[in-house]
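Engineer: okay, sequence plus prediction incoming.
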Amino acid sequence: MLTIKNLHASITGKEILKGINLQINKGEVHAIMGPNGSGKSTLSEVLAGNPSFEVTKGSATFEGRDLLEMLPEERSCLGLFLSFQYPVEIPGVSMINFMRTAINEHRKRKKQEPLSAGDFLKFMREKQAVVEMDKSLVNRSVNEGFSGGEKKRNEIFQMAMLEPRLAILDETDSGLDIDALRIVANGVNKLKTPDNATIVITHYQRLLDYIKPDIVHVLYEGQIVKTGGPDLALELEEKGYDWLK
Amino acid sequence: MKQYTDFFKSHRQIINQSSHSLLNHHREKAFDSFSEKGFPVCGSEDYQHTDIPKWLEPDFGFYIGHRGTSGNPGKLYPCNVPGLSSYSYFVINGYFYPHEVKKELPQGVFSGSLNSFAENHPELFSKYYNRLAEQKGAGLSAFNTMFVQDGYVLYIPKNIVINDPIQLTDIADTNRDSLINRRILIILESGAEAKLLVCDHAAENESVSASTQVAELFIGENASFDFYELEESSKKNIRLTSNFVRQASSSRVVINNITLDNGITRNNYEIDLDGENAETHLYGLAIVDEKQRVDNFTLINHNTAHCRSNELFKYILDHEAVGAFGGKITVAQGARKTQAYQNNRNLSGSKNCRMFSKPQLIIHADDVKCSHGMTTGQLDETALFYLQSRGIPKSEAVFLLKYAFTNDVIQGVRIDSLKERLKMLIEKRFKGELIRCRGCF
C-alpha cells in the first residue's frame, strides 16, 4: 500500500529525514516511536503533503502512485489521512460545512453524486457515535474553543467520515486523559478493516495497549534504527531510547 | 473646484427651482464654507490615501432638475434582498421616487422625500436638517448642501417601534457622466426603534457616476436604530459619504457598512455619544480587488460618562486594490467608565494590494477601558493545509477561509433575512459570480 524508499526531507534548509525506508501493507498496524525531535511528525507531514517541507531525495509510492507528486487534497482523496498532532482552529468555518465540503470533494473524485443534506446528516450522526462525540460540537467552528481531548476526538471523527485506506495518527494520545484515550482508541479499532492500514506515532506504550501494533519502528535522528514486533514497544518503555543510540 | 463654484454662481435658479425653500435656505452659507475649505486635500491628516480633488476634477454633469424618472424602479430593479421588507423605498439619482408601499407605517411616522418633509414638517426640518453637517462636516458636506436636490427622510415619533426593517435602494442610472448628491435624514425620538437598510447600486452602463451622500442621524433617549449600508455599485462609481450620528442617553445604534463591489469609495462616520449609557456598534467589511479602493474613516466621540462603543472593520484585498482605515476615538474629560474597543483586521491576497490602517485613541479621562488592535496578513498556511489534507482543493479552501473571515462582521447584522442574503452575496463575490446583484438587474 505504501512504500517509502530512502526518503530525505528538510525544512528551511535543515535536513530532518535522512533516508527513511518503510513498507506498509493493507491490514497492518505500524507504530513509530522515537525521542523528541527524531522526525516522527516531519514524516507524517511529508506524507500528507505539507508544503513547508521539502523532499530532497527518495520516493514514496501509495496505492501504486507517486505520492510525492500529488497535492495534499489528491492524497486525501486517494485515501491518505493524517490525524494532526495539533489540530488547527478555524473560526468561522463550521464543522458541518467543512465535512460536507470534504466528503463531497471525495465523492466528486470518485465520480459520485454529492450527498443530499439529509443523507449527509444521517451519515454524520453515525460517525459521531463512533467517537462518542458531543452532538453540539459539529455545530461549532472547526476546533474553535475545543478542549485538547475534543480536538483529538474530532480528528478521529473526521477519519471515520473520510474512511481512509491509510491513517497516520500523529501523537493522537498526547493531551488525552485515560477515558478519552480509550474512546479515541476504540474509535480507531472500530474503523479497522482488513483492507486499510494505520500508522500510530507515539511516545508511549500506553496507546499501544489499546491499539495493538503488528510492527514497531524506532525513529532516531531521521532514520529508522530498529524494527520489531509489539515487544519492542515494551522494551522501549522499560529501557528508554538511550540503548539504541 | 472652481468649476463647481462657478457653476453654483451661474445656475442658482436651476439649482433652487425644484427644491423646497427650506433646503435652498442652506445653500449660500454652504457655498461660503466650501469656498473657504474646498475639498479635503490628499495627504492631510484624515485623507492620507484619498484624493477627492483629483477624482472630482473631471467635469461631471450635475444631475439637477431631472425630477422623476421614466421607469418604475420597483420593476426595473425589483429587489435586492427579497423578502426583507414590506417598506421599500427608492432614491434614483438623488431624487426620492414616490410609489406606493405594500404596508402602511404607523401613524405619525414619516418615510419619504426630503422635499415633502420640508413641506409637511417645516419645524422638524429646520430643527434637524444640516445641523450636524454644518457643524462637523468638512468641505465635502458643504458641497453636498450646495447642490443637493432631494433625498430620504425617516422620522419616527416618540415610543413608536417599527419591527420590520425598512429598505432604501439608491440607484445611480444616468447615460452620461454625472455627479449625484443625495441626503439622508434620520430622526428617532425617545423610545423609538427602527432598522434601515440602504442598498447602493449603479446601473450597468458606460458612464461614470460620482455621488456624495450626507446622512444625519439623530437618535433620541432610549431609542434604537440599525443602519446597514450595502454598496454594490460598479468599477465606474465614486462614492463619497459623510455620516453624522448624534446619540442621546441610553440609545443604541448599530452601523454596518459593507462594500461588496465598487470603484472608489470613501465613507466617513462621526458618532457623538452625548448622553450617558449610549451604546454604539460600528462594523465594516470591504471586499476589494482589481483596482478598487475603499477608505473608511471613523470618529467616535465619547463626550460623556458610561458610554460604550465597539468597532470592527475587516478588509479582504486582492490584485491591486487599495484599502484604508482610519479609526479615531476620543474620550472627553469627565467621560468616566467609558468602554471603547476598536479592531481592524485585513487579509491581503496578493503582493500588489495595499492596506493602510491608522488607529488613534485620544483619552482625556481616567477610569476608562479602551483598546485598539490592527493586523494585516495573509491567509493562515496551517489552516489551508489542514483543509487541503481533508480533500478540499486549495481554491475551495481559500474561499472557505476568506468567507470565514467575514463571519464576525456578518454576525453583527440583526436582521436574519439580510444576514442570510449577505452570506450568499459574499459567497458569489468570492467565486466571481457577482458582477451585479442578480436580484436587481
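Structural biologist: Good, I have the coordinates.

Engineer: in chain A, which residue sits nearest chain B?
Structural biologist: A:Gly92 (2.8 Å; C-beta to the nearest C-beta). From N, CA and C alone the C-beta is placed, and that goes for glycine too.

Engineer: just checking, that residue is part of a strand?
Structural biologist: Yes: per DSSP: H, G, I helix; E, B strand; the rest coil, A:Gly92 lies within a strand segment.

Engineer: how about the residues of chain A near chain B?
Structural biologist: When proximity is defined by C-beta under 8 Å from any C-beta of the partner chain, chain A lies next to chain B at A:48-52, A:71-73, A:75-77, A:81-82, A:84, A:87-88, A:90-93, A:97-99, A:101-102, A:105-106, A:109, A:141-142, A:158, A:162.

Engineer: make a ChimeraX selection of the buried ones in these.
Structural biologist: Entered in ChimeraX, the line below selects the buried ones among these, by 16 or more other C-beta atoms under 10 Å in any protein chain shown:
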select /A:48,49,50,72,73,75,76,77,81,82,84,87,88,90,91,92,93,98,99,101,102,105,106,141,142,158,162
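
Engineer: remind me what the lengthiest helix in chain B packs against, helices and strands.
Structural biologist: Longest helix of chain B, by residue count under DSSP state H: helix B:416-430. Using 3 or more C-beta pairs under 8 Å, 6 or more residues apart in numbering or on different chains; DSSP states H and E as the contact test, the elements touching helix B:416-430 are strand B:224-232, strand B:252-261, strand B:279-288, helix B:394-405, helix B:407-410.

Engineer: buried residues, the helix or strand just after the second one. List them.
Structural biologist: Sequence-wise, the next helix or strand downstream of strand B:252-261 (DSSP states H and E) is strand B:264-273. In terms of neighbour count (16+ other C-beta under 10 Å), strand B:264-273 has its buried residues at B:Ile264, B:Thr265, B:Arg266, B:Asn267, B:Asn268, B:Tyr269, B:Glu270, B:Ile271, B:Asp272, B:Leu273.

Engineer: and if you look at stretch B:196-204?
Structural biologist: By neighbour count on 16+ other C-beta under 10 Å, the buried set for stretch B:196-204 is B:Leu196, B:Leu197, B:Val198, B:Cys199, B:Asp200, B:His201, B:Ala202, B:Ala203.

Engineer: which helix or strand contains the second one?
Structural biologist: To tie it back to what came earlier, the one meant is B:Leu197. Going by DSSP H and E, B:Leu197 is in strand B:193-202.

Engineer: against which helices or strands is that strand packed?
Structural biologist: Against strand B:193-202 (3+ C-beta pairs under 8 Å, 6+ apart) you get strand B:151-156, strand B:166-172, strand B:178-188, strand B:224-232.

Engineer: hey, C-alpha coordinates of the third one in CSV?
Structural biologist: What follows is strand B:178-188 as a C-alpha-only set of coordinates in CSV (Å, rounded to 0.1, in the frame of the first residue of the first chain):
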residue,chain,number,x,y,z
SER,B,178,-22.8,62.6,-13.6
LEU,B,179,-22.4,63.9,-10.2
ILE,B,180,-25.2,63.0,-7.9
ASN,B,181,-25.8,64.4,-4.5
ARG,B,182,-28.2,62.9,-2.0
ARG,B,183,-29.2,63.3,1.5
ILE,B,184,-30.4,61.0,4.3
LEU,B,185,-32.0,62.4,7.4
ILE,B,186,-33.0,60.1,10.3
ILE,B,187,-34.8,61.3,13.4
LEU,B,188,-35.8,58.9,16.1
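
Engineer: ok, that strand: who's next to it in the sheet?
Structural biologist: Its sheet considered, strand B:178-188 pairs with strand B:61-62 (parallel), strand B:151-156 (parallel), strand B:209-219 (parallel) by DSSP bridges.

Engineer: who touches the second one?
Structural biologist: It refers to strand B:151-156. B:89, B:91, B:94, B:96, B:108-114, B:116-117, B:121, B:124, B:162, B:166, B:168, B:182-189, B:192-194, B:196, B:223 (C-beta atoms under 8 Å, 6 or more residues apart in numbering or on different chains).

Engineer: average pLDDT across it?
Structural biologist: Mean pLDDT, computed over strand B:151-156, is 98.

Engineer: quickly note the distance from the spatially closest residue to B:Lys431 that is not a sequence neighbour to B:Pro393.
Structural biologist: Closest residue in space to B:Lys431, ignoring its immediate chain neighbours: B:Phe399 at 6.7 Å, by C-beta to C-beta, 6 or more residues apart in numbering or on different chains. Remark: distance between B:Phe399 and B:Pro393 (C-beta to C-beta, to the nearest Å) = 10 Å.

Engineer: now swap in B:Gly263 and tell me
Structural biologist: For B:Gly263, the distance to B:Pro393 - C-beta to C-beta - is 32 Å.

Engineer: of the two, who's got more company?
Structural biologist: B:Gly263 (22 against 19; other C-beta atoms under 10 Å in any protein chain shown).

Engineer: ramachandran coordinates for that one?
Structural biologist: phi -110, psi -80 (degrees, to the nearest 10).

Engineer: the spatially most central residue of chain A: what secondary structure?
Structural biologist: Geometric centre of chain A, nearest residue: A:Ile168, 2.3 Å, by C-alpha atoms, centre = their mean. Following three-state DSSP, we place A:Ile168 in the strand state.

Engineer: got the residues of the stretch 301-441 of chain B near chain A?
Structural biologist: Checking the stretch 301-441 of chain B against chain A by C-beta under 8 Å from any C-beta, the hits are B:380-383, B:385-394, B:396-397, B:400-401, B:403-408.

Engineer: ok, now with 10 Å
Structural biologist: Counting by C-beta under 10 Å from any C-beta of the partner chain, the stretch 301-441 of chain B comes close to chain A at B:380-397, B:399-408, B:410-411.

Engineer: pull out the buried members of those residues.
Structural biologist: Neighbour-count burial (16+ other C-beta under 10 Å) applied to these gives B:383-393, B:396-397, B:399-408, B:410.

Engineer: report the beta-bridge partner residues of the residue nearest to the centre of chain A.
Structural biologist: Under the criterion used here (DSSP bridges), A:Ile168 is bridged to A:Leu82, A:Ile199.

Engineer: test my guess that it contacts A:Ser76.
Structural biologist: No: with contact defined as C-beta atoms under 10 Å, A:Ile168 does not reach A:Ser76; the gap is 11.6 Å.

Engineer: which ones among the residues of chain A next to chain B are found in helices?
Structural biologist: Residues of the residues of chain A next to chain B located in helices (DSSP H): A:48, A:72-73, A:75-77, A:97-99, A:101-102, A:105-106, A:109, A:158, A:162.

Engineer: so where's chain B uncertain?
Structural biologist: Along chain B, the model assigns pLDDT under 70 to residues B:65-84, B:434-441.

Engineer: what sits against the residue sitting nearest the centre point of it?
Structural biologist: The residue lying closest to the centre of chain B (C-alpha atoms, centre = their mean) is B:Glu229, at 5.3 Å. Residues near B:Glu229 by C-beta atoms under 10 Å, 6 or more residues apart in numbering or on different chains: B:168, B:170, B:184, B:196-200, B:213, B:215, B:239, B:241, B:243, B:255-259, B:267, B:284.

Engineer: quick one: distance of stretch A:54-74 to the chain centre.
Structural biologist: Stretch A:54-74 sits 16 Å away from the centroid of its parent chain (C-alpha atoms, centre = their mean, to the nearest Å).

Engineer: and that stretch, what's its mean pLDDT?
Structural biologist: Stretch A:54-74 shows a mean pLDDT of 96.

Engineer: what are the buried residues along it?
Structural biologist: A:Val55, A:Gly58, A:Ala60, A:Phe62, A:Leu67, A:Leu68, A:Met70, A:Pro72, A:Glu73, A:Glu74.

Engineer: out of those, which are inside strands?
Structural biologist: Among those, DSSP state E puts A:Val55, A:Gly58, A:Ala60, A:Phe62 in strands.

Engineer: closest one to B:Ile219 out of these, please.
Structural biologist: B:Ile219 lies nearest to A:Val55 out of those, by C-beta to C-beta, at 61.7 Å.
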